[in-house]
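**Student:** Next one to model:
(one chain, ligands or ions: 1)
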Amino acid sequence: MRGTKRHIALTGLGERCACLFAGALIVTGVIALRLFQVQVLAHPQAKQKAKEVWLRRIDLAPAQGNLYSRHLRLLATCEPAFSVWADPQTLRSVAQRETTLRHLSDEALASRLARVLKEALMTEQVTVESLQRALNQKVRYRQDGTPIVVRFVWLARQLQASEVRRLQALLRRKSQTLPPEWRVLKQGIGICQEFRRVYPYGRLAASVLGFVNRDGVGCYGVERQWDEVLRGKAGRIEQEVDALGRPIPQGFTALVPPSIGDSLILTLDEQIQQEAEGVLDEAMRLYRPRNAVAVVLDPQTGDVLALASKPDFDPNAYWRFPPERFLNRALSFAYEPGSTFKPIVAAVLLESGAITEQTTTECQGVWKGGSFSVRCWVVQQGRAPHGTETLADALCHSCNIAMARFTLRLPYTRLYRGLIAFGIARKTGVKAGYEEAGWLDPPPSEEWQTPQTRHHQACVAFGQGLMVTPMQLAVAYAAIANDGLLVQPRIVRGIKESKTGQVRWLKPYPVGQVISPATAQKIRQMLVAVVEQGTGKRARIEGVTVAGKTGTATKVVNGRYDPTKVVVSFFGMLPADRPKWVIGIVLDEPAFGKWGGEVAAPLFAAFGRRILWRVQPPRPLSLSQHLTAPFFLLEPAVSTPLPSARGGKTLSW
Ligand SMILES: [Zn+2]
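**Tutor:** Residues are numbered from 1 along each chain as shown. Coordinates of the predicted model:
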């Protein structure tokens with residue numbers, strides 16, 4: 001009996017076990033299914049959701065490499081800076097637990113927090129309104145339209161240590177001792193370290209360098225054009241946070257600091273640059289032009305030794321300036337060159353053999369060239385006409401009629417080809433930011449004798465009917481200075497790799513022999529005469545021969561030449577027998593002084609004198625004098641031995 005009962009009991013137990021087992025199986029099955037659904041089927045979405053909500057990621061802008069002058073003065077560098085961010089969602093949920101803030105609407109809460117935050121941040125960068133806008137953000141939309149809860153906004157970027165000091169102190173204080181707004185802010189905002197671009201010399205060469213904006217993007221000038229080389233890798237902070245946005249103590253945290261890109265050694269000579277800026281500042285004060293430009297080239301290497309454009313800006317505070325200040329007018333200002341173009345035409349004429357130095361022509365003040373007429377400037381000034389002239393005389397007197405008549409002996413196609421070879425109507429490739437190509441009408445066909453092309457050709461002879469940039473003209477003059485060999489201008493001499501510290505020096509790039517050395521020499525001699533006896537007398541410098549040409553070009557306003565609006569300029573080289581420097585000075589619409597010989601030539605002389613003074617002997621600049629940033633990182637000098645500077649250190653004539 002006992003045995004049977006036991007058997008039965010055992011059997012009952014077995015049934016119950018089977019039931020339990022089956023039940024467990026079902027439950028397990030359901031769990032497994034659910035797990036399968038969650039982990040396998042829904043996994044990507046689940047993971048994404050977890051990331052959005054639980055993983056806070058802060059992207060840190062990359063840091064740019066340094067910019068050095070040719071003598072390794074630091075022109076631009078990066079220093080540590082502080083950026084402030086917020087998690088608006090956290091701020092709202094934490095505020096719910098504060099009795100004094102709980103009843104506020106989201107907008108009211110944002111403005112309340114913005115007001116107290118503005119008091120703590122010692123910067124003009126943020127306003128109560130901008131903070132309010134940032135803190136009130138709730139949802140952002142991805143490109144595919146899916147909404148994401150905003151858990152990260154920048155409040156202010158790249159602040160100096162002094163600007164965040166008060167905020168740091170407040171965030172460090174114990175919550176109990178803080179007013180309710182700060183108890184909330186303490187949970188939902190943070191400070192992280194980034195880099196900030198600083199320019200130790202302030203405005204020096206600003207239009208060449210450009211600037212880096214707050215998102216770490218290079219804008220204008222070298223910063224823009226060389227962004228890929230200069231820019232390092234972006235960094236990031238990743239942090240696991242709880243539902244309230246508080247970092248989880250044992251959670252995952254990663255910090256990848258931004259890396260610094262390669263540095264550039266520029267061709268700029270900071271001493272000559274400083275003189276260029278000084279001369280232009282003076283010109284702006286004396287003649288009040290709309291814009292002023294100065295270019296200095298080393299004709300043998302194409303090195304841009306100085307490039308100044310006024311009015312300028314301070315790259316340390318670029319946001320205070322209107323965007324038109326950022327343009328480098330040596331590259332972007334295309335204008336009719338006027339008489340400064342005559343030496344280029346003269347070089348093409350001599351080289352082509354169409355005329356020789358002995359060939360003569362006549363100037364009677366006004367010349368009828370068939371369907372058009374050309375006036376010489378003597379008529380305007382009520383002087384006697386120039387009479388019989390050679391090419392040298394035509395340049396010396398800056399006579400439009402002689403230039404036009406000489407030029408018409410050459411087919412336009414040949415003239416065009418010769419001018420294009422000099423780099424006219426194409427970008428110079430200096431790689432210093434945005435550049436205009438200028439303009440010269442291409443020949444309509446091989447037939448050149450139509451009245452229109454003849455008129456056009458006559459105008460080109462004295463620099464009208466075409467557009468050049470100051471840089472293009474300086475490059476053409478540099479070819480004359482360099483015995484006819486045109487070298488591409490350049491702004492970068494070497495690239496210093498951030499990983500190895502090695503400097504890769506870039507070779508000068510000769511574009512081609514434009515005219516023969518003999519022709520180049522003849523033109524230089526003619527340009528010496530312009531300065532010694534002609535319209536460029538005021539460009540003379542004691543103790544050195546100067547070759548150069550003045551220019552006064554009337555501007556076209558509403559389709560007509562407006563005699564009250566002119567561009568005055570002087571382009572020249574020194575010393576004339578073996579030029580070391582090619583210098584161009586251009587003033588756009590001066591309010592006082594309407595002639596290149598009166599205005600630009602003396603500026604050229606003043607500038608040339610200062611270059612000679614500065615370069616012999618080379619004197620170091622006082623860094624502190626021009627320092628606008630309170631501190632900056634000085635990198636140790638380049639380890640690779642530098643090749644001796646080809647132009648600029650010693651005078652050898
Ligand atoms: Zn004349």
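
**Student:** what about Ser371, neighbour count?
**Tutor:** Residues contacting Ser371 under the criterion other C-beta atoms under 10 Å number 10. Every residue, glycine included, has its C-beta placed from N, CA and C.

**Student:** measure it to the ion for me?
**Tutor:** As judged by C-beta to the ion, to the nearest Å, Ser371 and the ion stand 21 Å apart.

**Student:** same deal with Ala61?
**Tutor:** According to C-beta to the ion, Ala61 stands 60 Å off from the ion.

**Student:** which SS class is the nearest residue to that residue once chain neighbours are set aside?
**Tutor:** Once flanking residues are discounted, Ala61 sits nearest to Gly216: 3.0 Å by C-beta to C-beta, 6 or more residues apart in numbering. Reducing the assignment at Gly216 to three states with DSSP: H, G, I helix; E, B strand; the rest coil gives coil.

**Student:** can you pull the contacts of Gly216?
**Tutor:** Ala61, Pro62, Ala63, Gln64, Phe195, Arg231, Ala234 (C-beta atoms under 8 Å, 6 or more residues apart in numbering).

**Student:** give me the number of residues near Ser263?
**Tutor:** With other C-beta under 10 Å as criterion, Ser263 counts 24.

**Student:** repeat for Leu109
**Tutor:** Using other C-beta under 10 Å, Leu109 has 24 other residues around it.

**Student:** what's in contact with the helix or strand that contains it?
**Tutor:** Using DSSP states H and E, Leu109 maps to helix 106-120. Residues outside helix 106-120 that contact it (C-beta under 8 Å, 6+ apart): 88, 91-92, 95, 101, 104, 126-129, 131-132, 135-136, 138, 155, 166-167, 170, 179, 181-182, 184-185, 189.

**Student:** could you show me where the strands are in the stretch 201-350 of the chain, in order?
**Tutor:** Taking DSSP state E, counting those that start in this stretch as the test, the strands found in the stretch 201-350 of the chain are 211-212, 218-219, 235-240, 253-256, 263-266, 291-297, 304-310.

**Student:** packing partners for the fifth one?
**Tutor:** Packed against strand 263-266, as judged by 3 or more C-beta pairs under 8 Å, 6 or more residues apart in numbering; DSSP states H and E, are the following elements: strand 67-68, helix 227-230, strand 492-496.

**Student:** okay, that strand in CSV with CA atoms only?
**Tutor:** Output in CSV follows, covering the C-alpha atoms of strand 263-266 (Å, rounded to 0.1, in the frame of the first residue of the first chain):
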residue,chain,number,x,y,z
SER,A,263,53.1,74.2,-39.2
LEU,A,264,54.0,76.5,-42.1
ILE,A,265,57.0,78.6,-42.5
LEU,A,266,55.9,81.6,-44.6
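
**Student:** quick check, distance from that strand to the centre of its chain.
**Tutor:** Computed by C-alpha atoms, centre = their mean, to the nearest Å, the separation of strand 263-266 from the middle of its chain amounts to 14 Å.

**Student:** Pairing partners for it, with directions?
**Tutor:** Here strand 263-266 has these sheet partners by DSSP bridges: strand 67-68 (parallel), strand 492-496 (antiparallel).

**Student:** Could you say which helix or strand holds the residue lying closest to Arg538 once chain neighbours are set aside?
**Tutor:** Closest residue to Arg538 apart from its sequence neighbours, by C-beta to C-beta, 6+ apart: Ala601 at 4.1 Å. Counting by DSSP H and E, the element that carries Ala601 is helix 596-615.

**Student:** Was I right to think Gln464 contacts Ala553?
**Tutor:** Yes: counting by C-beta atoms under 8 Å, Ala553 is a contact partner of Gln464 at 7.3 Å.

**Student:** what residues are shared contacts of those two?
**Tutor:** What both Gln464 and Ala553 touch, as defined by C-beta under 8 Å, 6+ apart, is the set Glu336, Gly338.
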